[in-house]
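> Structure, please.
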Amino acid sequence: MVLFRRITLYLLFGIFDLGLAAASLIWFWSLDSAPRHPALAEADLPLLIPVRQFYADQSLEWVYKVSFDGRYAAYRATRLTKQVILIKDLKTGEQKAKITDWNNYFWAPHSNHLRVEYDDRIWEVDPENPDRDDWVDVTPRGFQSGFRYAFAPPTPDHRQVVLSYGRKERVADLYTGDQDGKNKELLIENEGQTLAWILDKDYAPVLRYDRPEKNGKVTRLMMFDDDEWRHLMDVLINEEFYFIEVMKNREYGFAVSSRGRDKAAVVRVNLNDGSEEVIISDPDGDLNWVVNFDPWDDQIDAAISTTLGTKILPLSERGKIFADLVAQYGDAVEIGGFTESVDGRFLSVDLSPDTLGYEFVLMDLQNQTTTSLGQQNFRHKFKDHLATTDVVQFPARDGLMLNGLLVRPRNAQGPMPMVIEVHGGPAAHLRWGYNHFRQFLANRGYAVLALNYRGSDGYGRAFQKAGFGQYGKKMQDDLVAAVNWAVDQKIADPDAIAINGGSYGGYASAMAMVRDPDIFKAAIIEHAMLDVEYQFQFPPYFWGLSLEKWYR
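Next comes the predicted model:
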């Protein structure tokens, strides 16, 4: 009513100004009020961070990517309400360019030219001469649509491999072309059943992944020997298996595999008979994040476990250097991701010490040094007001152990309002790390429990299989178990429980309000998949050769 009276007065006195009214509306809706729940009203809570600092900060800088020799960094920034790309000379600290027209960006593999995707083209930008009129078009020629680079050329003299869906929408072919986008040539034509190929350094075929039958229950690995393909092995659809690197002699390869075991491990595969030798495994969950700085050196560098936090498991000297450099930032550090130069020497890494926002770091693995590229502005301003993220475990109704991430308002004690977060997929999982939306809720007085319910991947085949056929049933029971655990632990107020999720998480949030309205008082339902029966019968066409995974 206050807002209505204010606008009415503007109209009555003939001084209604559109800009002033808009400012009034923005001011009204951006008012930040402190939590009012009894458990929080008297708590020593940190500063209430304004909404505009969470979602309208005009000084943001993030997604740093470093050129092949470590000379330049390109990164996203917000300037005058517009997202731009800035290029900085890391030796001098000088800003070399501001790019306003872009959709994506990445560095050329062997030169200090930034590649910018914009207007369905790929352009190369020289940081020393960045004017728009001097951009060079290096878009692969002869492709109508649906193409992408397969991997970076190993040397400046190699041609670029391009994967294209232009001939058939559901299957891809491989082509080569010059690195300037010219001289397209067919490398391998897909016969209709192939999911992917592995090539050697000279682009000769080594292995391929086939789906021999539509909606088939196996992935077939074929080995290229003596100018013909031979059957190496079959992998069941609900087993995880993919190669990381194949040795030059083609006798062995390194892979992530759950064949014949519950949890995926890093293995060495005999390419004559398909047998495996486990190199390293994690009893707590799947090892499916493997670091391989050089895909042509006959070794892999590290595995990263994310089941109960972030743990680097070195497998080479370079992997140990990487682990030691990360450890300089603390005992509990999330690796948000990284990009590397073609030779694996330089890394631009996103690190979140104690999950309280990100540090952006340049690592030189050869000199074993780190250089700060920047810091998430939000972390810089509000680190002391943010909440930590804890890994929690508790049993489901039937005894199955569940994993979750708990974020509680800083300095708050006693039962408080809680949001249960449900991830999409459902064949996905949430890993320990910084999450902006959870911090937003925690700063406003909500605890958040993000659950990896049965059916999530990352915790082994048996845990995922426990969710097969359990939409709206045991998968839903796990969400109730999360609430009951939080209430029993005096973390959550049973009369103030909400639920939130998108896609499958949106389905589960909607189902919670239908099935358990006495438990969940509110739901935030995002881009939900609500009609399971319909989508089972009419899945998206582009799911192509992988429908059996969806059916499971």
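
> Would you map the helices across the stretch 351-500 of the chain?
In order along the chain, the stretch 351-500 of the chain carries the following helices (DSSP state H, counting those that start in this stretch): 377-382, 436-443, 461-465, 474-488.

> Sorry, wrong one. I was asking about the stretch 1-150 of the chain.
Along the stretch 1-150 of the chain, the segments classed as helices by DSSP H, counting those that start in this stretch run 2-12, 18-29, 38-41, 51-55.

> weakest of those helices in terms of mean pLDDT?
Lowest mean pLDDT within the helices of the stretch 1-150 of the chain: helix 2-12, a mean of 31.

> Report how many residues lie close to G501.
Neighbour count of G501, defined by other CB atoms under 10 Å: 26. In this view, the C-beta of every residue, glycine as well, is placed from N, C-alpha and C.

> let me redo that: D488
Other residues near D488 number 11, with proximity taken as other CB under 10 Å.

> and if you look at A34?
Other residues within reach of A34 by the criterion other CB under 10 Å amount to 10.

> Not including adjacent chain positions, what is the nearest residue to it?
The spatially closest residue to A34, leaving aside those adjacent along the chain, is L48, at 5.7 Å (CB to CB, 6 or more residues apart in numbering).

> Return the residues in contact with that neighbour.
L48 is in contact with D32, S33, A34, N443, R444, counting by CB atoms under 8 Å, 6 or more residues apart in numbering.

> that older thread, tell me which of the helices of the stretch 351-500 of the chain sits nearest to W197.
helix 461-465 (26.0 Å; CB to CB).

> Pull the distance from the closest one to the chain's centre.
Per CA atoms, centre = their mean, to the nearest Å, the displacement of helix 461-465 from the mean C-alpha position of its chain is 22 Å.

> for that helix, which positions count as buried?
Buried positions in helix 461-465, judged by neighbour count with 16 or more other CB atoms under 10 Å: R461, F463, Q464.

> Would you agree the first one is in contact with I237?
No - in this structure, R461 sits apart from I237 without contact. The criterion is CB atoms under 8 Å, and the distance is 11.1 Å.

> give the contact list for T369.
With contact set as CB under 8 Å, 6+ apart, T369 has these partners: M363.

> and it, bridged to which residues?
Applying DSSP bridges to T369 gives these bridge partners: D364.

> For G166, find the nearest of the helices of the stretch 351-500 of the chain.
Of those, the one closest to G166 (CB to CB) turns out to be helix 461-465, at 34.5 Å.

> now for the closest one, which elements pack on it?
Secondary-structure packing of helix 461-465 (3 or more CB pairs under 8 Å, 6 or more residues apart in numbering; DSSP states H and E): no helix or strand packs against it.

> Could you pull up the mean pLDDT of that helix?
Averaged across helix 461-465, pLDDT comes to 94.

> Also stretch 158-172?
Mean per-residue pLDDT for stretch 158-172: 88.

> Would you mark the buried spots in that stretch?
Of the residues in stretch 158-172, those with enough neighbours to count as buried (16+ other CB under 10 Å) are H158, R159, Q160, V161, V162, L163, S164, Y165, V171, A172.

> Dump those to JSON lines, plus secondary structure and distance to H527.
Shown next, in JSON lines, are the buried residues of stretch 158-172 (DSSP: H, G, I helix; E, B strand; the rest coil; distance: CB to CB, whole Å):
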{"residue": "H158", "secondary structure": "coil", "distance to H527": "41"}
{"residue": "R159", "secondary structure": "coil", "distance to H527": "40"}
{"residue": "Q160", "secondary structure": "strand", "distance to H527": "35"}
{"residue": "V161", "secondary structure": "strand", "distance to H527": "34"}
{"residue": "V162", "secondary structure": "strand", "distance to H527": "31"}
{"residue": "L163", "secondary structure": "strand", "distance to H527": "28"}
{"residue": "S164", "secondary structure": "strand", "distance to H527": "29"}
{"residue": "Y165", "secondary structure": "coil", "distance to H527": "24"}
{"residue": "V171", "secondary structure": "coil", "distance to H527": "28"}
{"residue": "A172", "secondary structure": "coil", "distance to H527": "27"}
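
> ok, of the residues you listed, which one's closest to L86?
Distances from these to L86 were compared by CB to CB; the smallest belongs to Q160, at 26.6 Å.

> who are the neighbours in contact with the closest residue to S341 other than its chain neighbours?
Leaving aside its sequence neighbours, S341 sits nearest to F68 (CB to CB, 6+ apart; 4.6 Å). Contacts of F68 were listed using CB under 8 Å, 6+ apart, and they are W107, A108, P109, H110, S111, N112, S341, V342, D343, F346.

> was I right about the second one contacting R115?
Which is A108. Yes - with contact defined as CB under 8 Å, A108 and R115 form a contacting pair (5.7 Å).

> and for the two, which residues touch both?
Listed as contacting both A108 and R115 by CB under 8 Å, 6+ apart are E124.

> does the residue nearest to A508 when sequence neighbours are not counted have beta-bridge partners, and which?
Computed as CB to CB, 6+ apart, the closest residue to A508 that is not its neighbour in sequence is V422, at 4.5 Å. Beta-bridge pairing of V422, defined through DSSP bridges, involves L451, G501.

> Let me see the contact set for V422.
With contact taken as CB under 8 Å, 6+ apart, V422 is in contact with L451, Y453, L479, I499, N500, G501, Y504, G505, A508, S509.

> what about it, distance to D516?
As defined by CB to CB, to the nearest Å, V422 lies at a distance of 13 Å from D516.

> try Y507
Counting by CB to CB, the separation of Y507 from D516 is 14 Å.

> hang on, the earlier thing: in the contacts of V422, which has the lowest confidence score?
Lowest-confidence member of these: Y504, scoring 94 (pLDDT).

> Please produce a ChimeraX select command covering the buried subset of the contacts of F68.
Buried members of the contacts of F68 can be picked out in ChimeraX with the line below, counting by 16+ other CB under 10 Å:
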select :107,108,109,110,112,341,342,343,346
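
> In strands, which of the contacts of F68 fall?
Assignment to strands by DSSP state E places the following of those there: W107, F346.

> Closest to D331 out of the contacts of F68?
Proximity of these to D331 was ranked by CB to CB; the top entry is F346 with 25.5 Å.

> Next, count neighbours for the residue nearest to that closest one when sequence neighbours are not counted.
Counting by CB to CB, 6+ apart, G70 is the residue found nearest to F346 once chain neighbours are left out, at 4.4 Å. Applying other CB under 10 Å, we find 21 residues neighbouring G70.

> residues contacting G70?
Contact criterion CB under 8 Å, 6+ apart gives L90, S341, R345, F346, L362, D364 as the residues in contact with G70.

> That one and L362: what is the separation?
From G70 across to L362, the span is 7 Å (CB to CB).

> Overlap of the contact sets of the two?
When contacts are counted by CB under 8 Å, 6+ apart, the set common to G70 and L362 consists of L90, F346.

> Can you give me the end-to-end span of stretch 59-78?
With CA to CA, to the nearest Å as the measure, stretch 59-78 spans 6 Å from end to end.

> Can you flag the buried ones in the contacts of V422?
Restricting those to buried positions leaves L451, Y453, L479, I499, N500, G501, Y504, G505, A508, S509, with burial counted as 16+ other CB under 10 Å.

> and the residues you listed, which two are the farthest apart?
Within the buried ones among the contacts of V422, two members stand farthest from each other by CB to CB: Y453 and N500, at 13.9 Å.

> related to what we said a few turns ago, so which of the helices of the stretch 351-500 of the chain comes closest to F254?
With respect to F254, and counting by CB to CB, the nearest of the helices of the stretch 351-500 of the chain is helix 461-465 at 20.7 Å.

> give the contact list for A323.
If a contact means CB under 8 Å, 6+ apart, then A323 has A302, I312, P314 as its contacts.
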